[in-house]
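# coords below, sequence missing:
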């Protein structure tokens, strides 16, 4: 009897990413067709197997797979662009299939990336320097020795401590 491996998945409009979470995989048998991924392998003496019948169709010839240290990763090209409502054709929820939040990107996130030319949240050195100048730092380094002196409550002397009898305690 084989065990079910943990499967993580994420998607973009053009691809589905599936990660089978197993380390030190040996004797793997993988079949990928336009609607299904079948995987079986040995890991630490146990046999693991999973069959994933996809919610949509993929292009196996344009897809990639990679064996990593702790995962077997599949980058599967979708036949038709768009978001699937779920990974599998079957609407049943499975405990061993989870969303890969490290790779997940919502439709909204993807459209923001395209609007920014694929560099959402990224700045080149020139634009970062311009931003710093607009904020008043001038883009240069800050030297605290150049700051004007100010009267601050933190600058006052701290009174000596007294014990319970009222005598001063030496520090």
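Nice, I can see it. Because the structure is predicted, anything quoted here is derived from the model rather than measured. Numbers count the residues shown, from 1 in each chain.
# could you list the buried residues of the strand ranked longest in the chain?
Longest strand in the chain by number of residues (criterion: DSSP state E): strand 58-67. Neighbour-count burial for strand 58-67, counted by 16 or more other CB atoms under 10 Å, picks out 58, 60, 63, 65. Placement of C-beta: from N, CA and C, glycine included.
# got the contact list for the nearest residue in space to residue 64 that is not next to it in sequence?
Nearest residue to residue 64 in three dimensions, chain neighbours excluded: residue 75, at 4.5 Å (CB to CB, 6 or more residues apart in numbering). Contacts for residue 75 (CB atoms under 8 Å, 6 or more residues apart in numbering) come out as 15, 17, 63-66.
# ok, the nearest residue to residue 54 once chain neighbours are set aside - contacts?
Nearest-residue entry for residue 54: residue 35, 5.5 Å, with adjacent residues in sequence omitted and distances by CB to CB, 6+ apart. Counting by CB under 8 Å, 6+ apart, residue 35 touches 53-54, 57-58, 89.
# and the contacts of residue 75 as CSV, adding pLDDT?
Shown next, in CSV, are those (pLDDT from 0 to 100):
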residue, pLDDT
15, 95
17, 96
63, 94
64, 95
65, 94
66, 93
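# pull the most distant pair out of those.
For these, the maximum inter-member distance is 13.8 Å, found between 15 and 66 (CB to CB).
# on that earlier part again, Provide the strand pairings for the helix or strand that the longest strand of the chain is followed by, with the direction of each partner.
As assigned by DSSP states H and E, the chain's next helix or strand after strand 58-67 is strand 72-78. For strand 72-78, the pairing partners within the sheet under DSSP bridges are strand 15-21 (antiparallel), strand 58-67 (antiparallel).
# looking at these, which is nearest to residue 82?
Per CB to CB, nearest to residue 82 of the strands paired with strand 72-78: strand 15-21, 11.3 Å.
# can you pull out the helices in the protein?
107-115, 125-134 (DSSP state H).
# now the shortest one: average pLDDT?
Spelled out, that is helix 107-115. The average pLDDT for helix 107-115 rounds to 58.
# where in this protein is pLDDT low?
Scanning the chain for pLDDT under 70 picks out 106-155, 169-171.
# which parts of it belong to which domain?
When the chain is parsed with automatic domain parsing, its domains come out as 6-103, 106-134.
# can I get these in a markdown table with distance to residue 163?
Converted to a markdown table, the domains of the chain look like this (distance: least, CB to CB, whole Å):
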| stretch | distance to residue 163 |
| --- | --- |
| domain 6-103 | 56 |
| domain 106-134 | 52 |
